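S.K.: I would like to see how this sequence folds:
(chains A and B, ligands or ions: 3)
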Amino acid sequence: MTLFLLRRLLQAAQVLFVMSLLVFVGVYAIGNPLDMLVDPQATAADTARVAAALGLDQPLWVQYWRFLANALQGDLGISFLHGTPALHLIVQRLPATLELAVSALLIAVLLGIPLGLWAGLRPDSFGGRTVMAGSILGFSLPTFWVGLMLIMLFSVHLGWLPSGGRGPTREFLGLEWSLLAPGGWRHLLLPAVNLALFKLALVIRLTQSGTREALLQDYMRFARAKGLPARRIVGVHVLKNIMIPVVTVVGLEFGTLIAFSVVTESIFAWPGIGKLLLDSITQLDRPVVVAYLLLIVFIYTLISLAVDLIYAALDPRVRLAGGQAA
Amino acid sequence: MKPIAPPAPTSPAAPTTTGGAEPLLRVEHLSTRFRTRGGEVAAVDDLSFELATGEVLGLVGESGCGKSMTGYSLIDLVDPPGYIAAGSVRLRGHELRGLPAKDWQALRGDRIAMIFQDPMLTLNPVLRIDTQMVETVLAHRRVGRAEALARALDTLERVGIPAAAERLRSYPHQLSGGMRQRVAIAIALLNQPDLIIADEPTTALDVTIQAQILYEMQTLCREAGTGLIWITHDLSVVAGLADRLCVMYAGRIVEQGSTAQVLERPAHPYTRGLLDATPAAALARGHRRGEALRQIPGSAPPLAALPAGCAFRPRCARADEHCMQTPPRVEAAPGQTVLCWHPLPPGAALPGPAAHAEARP
Ligand SMILES: Nc1ncnc2c1ncn2[C@@H]1O[C@H](COP(=O)(O)OP(=O)(O)OP(=O)(O)O)[C@@H](O)[C@H]1O
Ligand code: SF4
Ligand SMILES: [Mg+2]
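M.R.: Ligands and ions are numbered 1, 2, ... in the order given. Modelled structure (predicted):
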């Protein structure tokens, strides 16, 4: 177990290192941040001064080396644009994104599992077919288009929900939360649904196919032969088996929820890290972009670690190995 | 809290199917059909047999002849597109056909239990043994968890599982195939059912364990007065175990009688063919090393394309024009019936009457 954790940490460190290198070179290739930061009319001397202040006068490998040295001490650099630590900027915005992503995940799981179970238990019923057809829509409609349609319908036409922004929040544990503020959920609902849609379709399909497969197994017939009530057969025998793929995939997808909240956040003007990333890329604010991507990799690593642990807890046949087997 | 129920009062019927008393199980004209694209087929066709308390009935036949479907039909586990088309199944005189789903659920695992062929697949891989046992008790008895657990432990010990308390906390994959099948058998025995249907439960196990389990099951059922239907494709498996035998071919029982009758004086050409195909019969014939066993020529026809009249006709050496008509059920000896136009005469003894004795455990 300890060996397993150590191995995972080492892997994560390697990925983080490679990522930082790629991002560094990548952003360098996009353009020169100085063009954005310095007034085009500024003198060469002014430009040189700014460049020196930001360390941009050094060759790339020196810049990277400095970054690496600082990063190892937890300093990911200062935003060119805001003049504050990049990490600080991101952490400030993170709760908004996390709240959005967790809400979307909850919607996807709490709706998706029952719907998928139902569709799996009655694949030929009208309801079952409708659910599966709906899940195909959820897969194929582009997120931004659905987002716009949601705004059109619920904000513009019906006027039920606000079209964007985060709305009221309340502080808890030093961070701002929408769900804790009265009426905060009204701002959260549309973007969360928008972000959830794709995952909802995924959960429905996973649950449905898992259910259908489980129903064909001998142990289901044996469970019926034991005279178990239907609710125990579905609620324990089926559910426990399908939870294994569902938890694995959904867990791993949580990372993409955070990463791909970019689209939803920009449609709904949700002040999360996705929106920060977009702004930073257009401004070539390299420290923020680098810090963002490193954070995402870090979150991914944490999530996949958690998923492995949960997976092992759910499936007794899996034992976490320190050696080659996963 | 009600104590765990003792076995339901056993009927005084002697372990024979003759006599006036109501048998444990009476099956009459049972038919199970499948709606397929090519029309309907009968997987179980006009089955009738009886089983007395504590009796062991062997249900024998080649693969695909409808043995499992017979078992599923008896506990109402036939899945669409299959359905039970006709017939009557009575347990201690109570008609089971047409019972509402709720009553079936109460019966299954309580009065009638079933065990399946592959021990690797019958236990849920993600649930511990104790979970799978306790739920079976709780589904039928109003007892506490502790009491159910005690009963599970006791039953595991009865089926010969060493360190049963430890095994209870295991997952199926931590047990060997033989152990898993014992667990499945223990689950079937948990609520002391009147009837156990065992669908080739030892086929996937090696021969020694097979013989052991067979013997133990027989003892346990005899002690508890549980009727046992043992399904197998291997005559020698049931030879030492069953009181009576039903030989199935293409969904029908073609011969039925006491084990001694069927094995020593088979009247149906198919039964005779099955017996001739066993290694024991070959030895008795003076079988030489390297010589192939004597197999029944041809193979079982698909249900959708059964020949008219007797389904065994294309493979039968005794077939003639009579056999184009559905054969009658005739009595070859008292208690031995056969579905054939030309049953073998009783004198046509097998090479060596004790040919199958060594299969006894
Ligand atoms: N879904 C189905 N549709 C059509 N026919 C079916 C279906 N399921 C089973 N059958 C038919 O029912 C017949 C009986 O099958 P069953 O499983 O009872 O055979 P079996 O005697 O138990 O064979 P085995 O020894 O291989 O287990 C088979 O011949 C098969 O063709
Ligand atoms: S009825 Fe005819 S074909 Fe069928 S088993 Fe008897 S003799 Fe053979
Ligand atoms: Mg079978």
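
S.K.: residues contacting residue 254?
M.R.: Went with chain A since none was named. In this structure, A:F254 makes contact with A:101, A:105, A:303, judged by C-beta atoms under 8 Å, 6 or more residues apart in numbering or on different chains. Backbone N, C-alpha and C define where each C-beta goes, glycine included.

S.K.: that answer is for a different chain, and I need it for chain B
M.R.: B:247-248, B:268, B:270-271, B:312, B:338-340.

S.K.: Kindly recompute the last result at 6 Å.
M.R.: The contact partners of B:V254, by C-beta atoms under 6 Å, 6 or more residues apart in numbering or on different chains, come to B:247, B:268, B:270, B:339.

S.K.: Next: B:V143.
M.R.: For B:V143, counting by C-beta under 6 Å, 6+ apart, there are no contacting residues.

S.K.: circling back: counting neighbours, which of the contacts of A:F254 comes out on top?
M.R.: Greatest neighbour count in the contacts of A:F254, by other C-beta atoms under 10 Å in any protein chain shown, goes to A:A101: 26 neighbours.

S.K.: quick one on the thing from earlier: for the contacts of B:V254, which one is nearest B:I231?
M.R.: Taking C-beta to C-beta as the measure, B:V247 is the one of these closest to B:I231, at 12.0 Å.

S.K.: Who are the contact partners of the closest residue to that closest one other than its chain neighbours?
M.R.: If the residues on either side of it in the chain are set aside, B:V247 comes closest to B:E255, at 4.4 Å by C-beta to C-beta, 6 or more residues apart in numbering or on different chains. B:E255 makes contact with B:247, B:268, B:271, B:338, according to C-beta under 6 Å, 6+ apart.

S.K.: rerun that using 10 Å as the cut-off
M.R.: The contact partners of B:E255, by C-beta atoms under 10 Å, 6 or more residues apart in numbering or on different chains, come to B:60, B:245-249, B:261-262, B:266-272, B:274, B:329, B:332, B:336-340, B:343.

S.K.: any weak-confidence spans in the chain?
M.R.: No chain was given, so I picked chain A. Using pLDDT under 70 as the threshold, the predicted model of chain A has low-confidence ranges A:36-40, A:174, A:181, A:319-326.

S.K.: The intended chain is chain B.
M.R.: Applying pLDDT under 70 to chain B flags residues B:1-20, B:204, B:285, B:287-293, B:347-361.

S.K.: now A:R286, nearest residue through space, not along the chain?
M.R.: Take A:R286 and drop its neighbours on the chain: the residue closest to it by C-beta to C-beta, 6+ apart is A:V27, 4.6 Å away.

S.K.: Buried ones in whichever strand or helix holds A:P95, by neighbour count?
M.R.: Assigned by DSSP states H and E, A:P95 belongs to helix A:86-121. Residues of helix A:86-121 classed as buried under the neighbour-count rule (16 or more other C-beta atoms under 10 Å in any protein chain shown) are A:86-87, A:89-90, A:93-101, A:103-105, A:107-109, A:112-113, A:115-121.

S.K.: Now the residue nearest to B:V247: which helix or strand?
M.R.: Using DSSP H and E, B:E255 falls within strand B:252-258.

S.K.: Given that strand, what are its sheet partners and their directions?
M.R.: Strands adjacent to strand B:252-258 in the sheet, as given by DSSP bridges, are strand B:244-249 (antiparallel), strand B:336-339 (antiparallel).

S.K.: tell me the SS of B:I84?
M.R.: Reducing the assignment at B:I84 to three states with DSSP: H, G, I helix; E, B strand; the rest coil gives strand.

S.K.: A:S163 falls within a helix, correct?
M.R.: No. Applying three-state DSSP, one finds A:S163 to be coil, outside a helix.

S.K.: Make sure the residue nearest to A:R286 is actually in contact with A:D285.
M.R.: Yes. At 9.0 Å, A:V27 counts as touching A:D285 under the criterion of C-beta atoms under 10 Å.

S.K.: so what sits against both of those two?
M.R.: Residues within reach of A:V27 and of A:D285 at once, by C-beta under 10 Å, 6+ apart, are A:P33.

S.K.: Who has more neighbours out of these two?
M.R.: More neighbours surround A:D285 than the other of A:V27 and A:D285, with 26 against 20 (other C-beta under 10 Å).

S.K.: quick one: the more buried one from A:D279, how far?
M.R.: With distances taken as C-beta to C-beta, to the nearest Å, A:D285 is found 8 Å from A:D279.

S.K.: contacting residues for the residue of chain A found nearest chain B?
M.R.: Among the residues of chain A, A:G227 lies closest to chain B, at 3.3 Å counting by C-beta to the nearest C-beta. Counting by C-beta under 10 Å, 6+ apart, A:G227 touches B:75, B:104-113, B:135-136, B:139-140, B:191, B:193.

S.K.: show me which of those residues neighbour chain A.
M.R.: When C-beta under 10 Å from any C-beta of the partner chain is taken as the criterion, the members of those that contact chain A are B:75, B:104-113, B:135-136, B:139-140, B:191, B:193.

S.K.: Can you tell me which of those residues end up in helices?
M.R.: Secondary structure from DSSP state H places B:104-107, B:135-136 of the ones next to chain A among the contacts of A:G227 in helices.

S.K.: which one of the residues you listed sits closest to ligand 1?
M.R.: For those, the residue nearest ligand 1 by C-beta to the nearest ligand atom is B:W104; the value is 19.4 Å.

S.K.: Need the contacts of A:F254 in JSON lines (columns: distance to chain B).
M.R.: Shown next, in JSON lines, are these (distance: C-beta to the nearest C-beta, whole Å):
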{"residue": "A:A101", "distance to chain B": "28"}
{"residue": "A:L105", "distance to chain B": "23"}
{"residue": "A:I303", "distance to chain B": "22"}
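
S.K.: Name the nearest of those residues relative to B:Y83.
M.R.: Compare each of the contacts of A:F254 with B:Y83 using C-beta to C-beta and the shortest gap goes to A:L105, at 43.0 Å.

S.K.: Dihedrals phi and psi, the residue of chain B found nearest chain A?
M.R.: The minimum distance from chain B to chain A, using C-beta to the nearest C-beta, falls at B:G109 (3.3 Å). Note on B:G109: backbone dihedrals following degrees, to the nearest 10 are phi 80, psi -10.

S.K.: what's near enough to touch it?
M.R.: When contacts are counted by C-beta under 10 Å, 6+ apart, B:G109 touches A:222-228, B:75, B:135-137, B:139-140, B:187-188, B:190-191, B:193.

S.K.: next one: A:L276
M.R.: A:L276 makes contact with A:79, A:82, A:86, A:89-90, A:92-94, A:96-97, A:262, A:265, A:285, A:288-289, A:291-292, according to C-beta under 10 Å, 6+ apart.

S.K.: Next one: A:G251 from ligand 1, what distance?
M.R.: According to C-beta to the nearest ligand atom, to the nearest Å, A:G251 stands 37 Å off from ligand 1.

S.K.: how deep is that residue tucked in, by neighbour count?
M.R.: The local packing count at A:G251 equals 19, with neighbours defined by other C-beta under 10 Å.

S.K.: do you know how far it is from A:A108?
M.R.: 12 Å.

S.K.: Tell me if I'm right that A:V146 and A:A201 touch.
M.R.: No. With contact defined as C-beta under 10 Å, A:V146 does not count as touching A:A201 (11.2 Å).

S.K.: between the two, which one's more packed in?
M.R.: Neighbour comparison, A:V146 and A:A201: the larger count goes to A:A201, with 23 against 19 (by other C-beta under 10 Å).

S.K.: Okay then, goodbye and thanks.
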